[in-house]
Structure formats: structure tokens, C-alpha cells
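[1] Below: sequence and its predicted model.
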Amino acid sequence: MKKIQLLITLLGIALLSSCEGFLDVMPSNSAAAETSITNANDAKVVMNGLMRRLASSSYYGRDFILYGDAKGGDFAIYSQGRGYDGLYTFNHSVSVGNMGSYWSQMYDCILQANNLLLNINKIEAAGAGTTALSQIKGQALTTRALVYFDLVRLYGKPFNMDKASFGVPIVLEPLDASAQPTRSSVEAVYTQVLKDLTDGAPLLPKTKVNGFLNYYANKAIQARVYLHMDRYADALAASEEIITSNVYVPYTNTNWATSWATPFSSESIFELGIYAGEANLGTGSLGYYLLRRLRVTGALGWFMASDYFLNTLKQDPADIRYSMMERDESSTTRLGSCLKYVGGPALTGDKGTASATNIKVIRLSEVYLMAAEAALNLPSPDKTKAATYLNMIRKRAPNLAPATSTNITMAMIEDERSKELFAEGHRYFDMLRWNKTIEFNDDFIFPAVLITTREKTINRTFFKAILPIPESEINANPKIAEQQNPGYGN
């Protein structure tokens, strides 16, 4: 009965936050929320639900990853009007195309994490804490850190651009119904993210935990955060702790190709489980959004690789990463369709169903690339170490000459991140933190159209480089209207 009551409470959070501002939601201070978790088993039920929320269509299950690639220059659209064009065209305003589902979904996750932490802290204060409960506490803290890191990158300027500018509201405990918290600075949000990660790390296991966050996932998120802050020594230390642990094994070129049809494979540090009867989005799944039009029933050809990405991949025609590329609808030879999230050419996913394919949120390959970048950007660059780490990924293209301490450059690392992490939601955020100009493959759209909501090239000074605070949130919290992102008005 207790668990049923809790699930009803959590369902209420999800339903309310999908249509209202998060400040209208008052789940965490209800009697049910405060008494439903009494032991580690109850906490595990909530953590299961929290991972399910991360895998939703509004978050890692589809939309957040699309956001990170559609805006970064490695994706193109072949035709307008098929859906989600606004990500590519930056067709965002306060009331239209504001992608408010990100805001509501991510704060829903934070509310659930806060509720979980509140109850665990009460159990521990009463002297009834356990090792299992502490582990879940570490997972909740790490989850909250990840969500806040994602939120601040969507709604706040890059840390290394203007850390004093507005980030997002920091909510760490149950809210009174009348509360109207305002936006903290980008720097304050990053500080909270690192605090949660630091507090959570020692509570987590150093073994693989399929479908959940562990110690090394926490360290990988730390490395991501430190790179965004230009704290290269810290990013390198976090990355190397994962690499030297030997808990994860780098893919060979052969098993790189098969890894996308293998759940929880050797490089997967954090992977969200997607099952046919659970979190499966069917034709609305990420995999279907990247298939060519009518490749299977329901595939409408939403996104494909840009010429710019394919030109980078063509550095070596034998690059193993071509194994996850298939022809798109523009021709019989252009390999612009990505098969990562349908399990590869067989389209059987990683469990027999194309759309029920796990989302690999953090892989060891990314950690090697972060280590290479961090080593190269130290005050006294360690080019030998940078080349060694880069070559672990560069070998995917067997005909490319290995990087060395004399020839390694950031451009080589940038290209390798593009090729290795294509369609995994990183490119746009990388381009912003690197302060790079992004060029879009608009001339590829058929029939030709004029995009009026952005130029062909943008950089991070473009006001639409970050999202507006959605209208629904402003209506729920008038105070935040005064903190709308510049260019969007109130």
C-alpha cells in the first residue's frame, strides 16, 4: 500500500509538471511524500522511477540528445515541416517553440531527487541508515547534479563566457506552495553541481551497476563539468581515475560496430535501459528520428548528417564509424542516416526491437577524449599524454596517422569528438564552450527555403544560443519574468 501511494504521488508530480510551472507543484511536502520512503527498498522504487524519467522523450530518451546535435552543425534537415525543425532553425520564443518540456521534465527529476534525499536524511537521522540506503543517496545526489548541469547549459550562458549571468533556480528542498525562487548565477549552479558530485561520490559503488549511476559515472560527470569550466587539471584527474580503474574496457574496432546492438557493453559507464514494455517510444524513439524517411514504417526522416560531418568522417574511408551510417533519402550513396539507436543495420536494437535500444549516456570513449583535451590544455601541456589518449579513439580510423607529441592539435581532438560522439548529444555544447562559429548545412534543404530565425552561421553571442524561460513558468512565477534571457523580452 505504501509503495502504491508513493507511485501515485510521483505520477502526480509528472502530470502536474508537464502542464504547469514547477512552482505550482507541491508534492514533496505532502504527507504521502514524507512518509512513503521508510527503507532502502522504498528508496529503490523511487530511484527506478527517477531513471525512467531521465529516459523520457523530453530528456535523454530523445529530445535532449537531439538538442545537442541539431544545433551543433553536424546535423542537417532534408525537408522542413516534419517535426523538430525548430531545434535546427532556432525557432524559439517565449511562447512558441520554447521547448518548455525540458524545463518541466528536468525540474520534475529534481523534485523527485529532493524528495528522495529528504526522506533518506530523515531515516539516517533516526539511526536507521544502511549501506544500501547510502548508495541510493549517492545516486540521488549525482542525478541532481547531472540534471542541474544540463539545465544550466540549456538556459545559461557558457561558464567560460559569463559565469556571473543568470543560470537557473536552485531548489534543494521541498518548496512551500507560495515560494517563487529566482535564478541563481551560472557560477552558483556549477558550484552546487560540484558539491552534489563531491558529496555523492564516496557513497557510490566502484563496480558496474547496469542502468544506474555509480562512482565512475559520477567522476565522468565531474570531468564534463570541469572541462566546461576550463579546469583542465581537475578534468584530467577525474578522467584518469576512470581509465586507470580498468573497470571499463575500450572497444576494439570490431566490437565498436557491434556495441550498439549490445546492452550495457564494456564501455558503458552510464546507460539508461529502454525496454519494449518500458520507456519504449516506438516510432517516436530517438532511433526512428535518425532513420531515413520510410526506412521502416513510421520513420519520417527528421534529421541526417550534415555535409560538414561527413567530410570529417571521410578523412579515412575505412573508419569503423561508417558501420553505423546508412544512406539517407537524398541519394543512394550519401551515408547520412545514423543507426546507433536502432542497434545497427539489422534494426533489431539491442534486445530484438529497433525502438527499444538503450541510451548510452556516458561511454569510456568520451572519457579518453576528455583526458586528451584536458592534457593538451594544461598550463604546461602534456602532449605525449594527450596523444596517447587521443590515439585510443583515433584508431577507429585505421588509415589515419597516429597523433604524436609533435603533431597533436585541438583541431584533431575536436574532429575526433565529432566523429566518435556523433548523435550522442555533445556537439552543440562543445562548440559553445570552445567559442567556435557554427555553420549550418542550409543549402542542403530541399526544396530550398530561407531560414529567418537565425543566420547560416552563429556563435555563442547569438541570443538564441540559449533557450528562453518558458511562458508557463513566467506565468507561475512572475518574479522570474524579470530575469528572462536577453533578446527574448518578458
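    Good, I have the coordinates. Keep in mind that this is a model prediction, so the values were computed, not measured.
[2] hey, let's count contacts and neighbours off CA atoms from now on
    Will do.
[3] Arg224 - that's part of a strand, no?
    No: under DSSP: H, G, I helix; E, B strand; the rest coil, Arg224 falls outside any strand and is assigned helix.
[4] Next up, the contacts around it.
    With contacts defined as CA atoms under 8 Å, 6 or more residues apart in numbering, Arg224 is in contact with Ala235, Met370.
[5] Which positions in stretch 468-480 come out as buried?
    Buried residues in stretch 468-480, counting neighbours by 16 or more other CA atoms under 10 Å, are found at Pro468, Ile469, Pro470, Glu471, Ser472, Glu473, Ile474, Ala476, Asn477, Ile480.
[6] So the third one versus Asp176, what's the distance?
    According to CA to CA, to the nearest Å, Pro470 stands 22 Å off from Asp176.
[7] Also the fourth one?
    If you measure Glu471 against Asp176 using CA to CA, the figure is 22 Å.
[8] same thing with the fifth one?
    When distance is defined by CA to CA, Ser472 is 19 Å away from Asp176.
[9] can you pull out the strands in the stretch 201-350 of the chain?
    For the stretch 201-350 of the chain, applying DSSP state E, counting those that start in this stretch gives strands covering 268-272, 304-305, 325-326, 337-338.
[10] got it, and the stretch 51-200 of the chain?
    For the stretch 51-200 of the chain, strands defined by DSSP E, counting those that start in this stretch occupy the ranges 75-76.
[11] show me where it has helices.
    With helices called from DSSP state H, counting those that start in this stretch, the stretch 51-200 of the chain shows them at 63-70, 85-89, 100-125, 131-155, 159-162, 186-200.
[12] So for the last one, what gets flagged as buried?
    In this case it means helix 186-200. Within helix 186-200, the residues scored as buried using 16+ other CA under 10 Å are Val186, Glu187, Ala188, Val189, Tyr190, Gln192, Val193, Leu194, Asp196, Leu197, Thr198, Gly200.
[13] wait, Arg488 sits on Ser95?
    If you look again at residue 488, you'll see it is Tyr, not Arg. No: contact criterion CA atoms under 8 Å: Tyr488 and Ser95 do not qualify, at 9.9 Å.
[14] hmm, back to that, okay if I get the strands of the stretch 201-350 of the chain as a markdown table plus mean neighbour count and distance to Lys385?
    Shown next, in a markdown table, are the strands of the stretch 201-350 of the chain (neighbours: other CA atoms under 10 Å; distance: least, CA to CA, whole Å):
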| stretch | mean neighbour count | distance to Lys385 |
| --- | --- | --- |
| strand 268-272 | 25 | 22 |
| strand 304-305 | 26 | 31 |
| strand 325-326 | 20 | 31 |
| strand 337-338 | 25 | 32 |
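[15] show me where pLDDT drops low in this structure?
    Applying pLDDT under 70 to the chain flags the ranges 1-35, 490.
[16] Compile the buried residues of stretch 468-480 into JSON lines and extend it with columns for secondary structure and distance to Gly277.
    Below are the buried residues of stretch 468-480 laid out as JSON lines (DSSP: H, G, I helix; E, B strand; the rest coil; distance: CA to CA, whole Å):
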{"residue": "Pro468", "secondary structure": "coil", "distance to Gly277": "35"}
{"residue": "Ile469", "secondary structure": "coil", "distance to Gly277": "34"}
{"residue": "Pro470", "secondary structure": "coil", "distance to Gly277": "32"}
{"residue": "Glu471", "secondary structure": "helix", "distance to Gly277": "34"}
{"residue": "Ser472", "secondary structure": "helix", "distance to Gly277": "32"}
{"residue": "Glu473", "secondary structure": "helix", "distance to Gly277": "32"}
{"residue": "Ile474", "secondary structure": "helix", "distance to Gly277": "36"}
{"residue": "Ala476", "secondary structure": "helix", "distance to Gly277": "35"}
{"residue": "Asn477", "secondary structure": "coil", "distance to Gly277": "37"}
{"residue": "Ile480", "secondary structure": "helix", "distance to Gly277": "39"}
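[17] okay if I get the residues you listed as a markdown table plus distance to Phe462?
    Output for those, formatted as a markdown table (distance: CA to CA, whole Å):
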| residue | distance to Phe462 |
| --- | --- |
| Pro468 | 13 |
| Ile469 | 16 |
| Pro470 | 18 |
| Glu471 | 21 |
| Ser472 | 24 |
| Glu473 | 23 |
| Ile474 | 22 |
| Ala476 | 27 |
| Asn477 | 26 |
| Ile480 | 22 |
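[18] Sort out which residues of stretch 111-129 are buried, please.
    By 16+ other CA under 10 Å, the buried positions in stretch 111-129 come out as 111-123, 129.
[19] If you could redo that for stretch 292-306, that was the one I meant.
    Across stretch 292-306, burial judged by 16+ other CA under 10 Å covers Arg292, Arg293, Ala299, Leu300, Gly301, Trp302, Phe303, Met304, Ala305, Ser306.
[20] For Ile170, give its distance to Ala188.
    Distance, Ile170 to Ala188, by CA to CA: 9 Å.
[21] Could I get the phi/psi values of Pro398?
    Main-chain torsions, Pro398, degrees, to the nearest 10: phi -60, psi -20.
[22] pretty sure it contacts Ala318?
    Yes: counting by CA under 8 Å, Pro398 touches Ala318, with 6.8 Å between them.
[23] What is the neighbour count of Lys340?
    Here the number of neighbours of Lys340 (other CA atoms under 10 Å) works out to 30.
[24] re the thing from before, same list (the helices of the stretch 51-200 of the chain) but as JSON lines, adding distance to Ser56.
    Listed next are the helices of the stretch 51-200 of the chain as JSON lines, based on distance: least, CA to CA, whole Å:
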{"stretch": "helix 63-70", "distance to Ser56": "9"}
{"stretch": "helix 85-89", "distance to Ser56": "18"}
{"stretch": "helix 100-125", "distance to Ser56": "8"}
{"stretch": "helix 131-155", "distance to Ser56": "13"}
{"stretch": "helix 159-162", "distance to Ser56": "27"}
{"stretch": "helix 186-200", "distance to Ser56": "22"}
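[25] Ok, which of the strands of the stretch 201-350 of the chain comes nearest Phe429?
    strand 304-305 (17.3 Å; CA to CA).
[26] Give me the packing partners of the closest one, helices and strands only.
    Where contact means 3 or more CA pairs under 8 Å, 6 or more residues apart in numbering; DSSP states H and E, strand 304-305 is packed against strand 75-76, strand 337-338.
[27] Export these to TSV and append columns for distance to Val249.
    Listed next are those as TSV, based on distance: least, CA to CA, whole Å:
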stretch	distance to Val249
strand 75-76	29
strand 337-338	24
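[28] Determine which of those approaches His228 most closely.
    His228 lies closest to strand 75-76 among the helices and strands packed on strand 304-305, at 22.3 Å (CA to CA).
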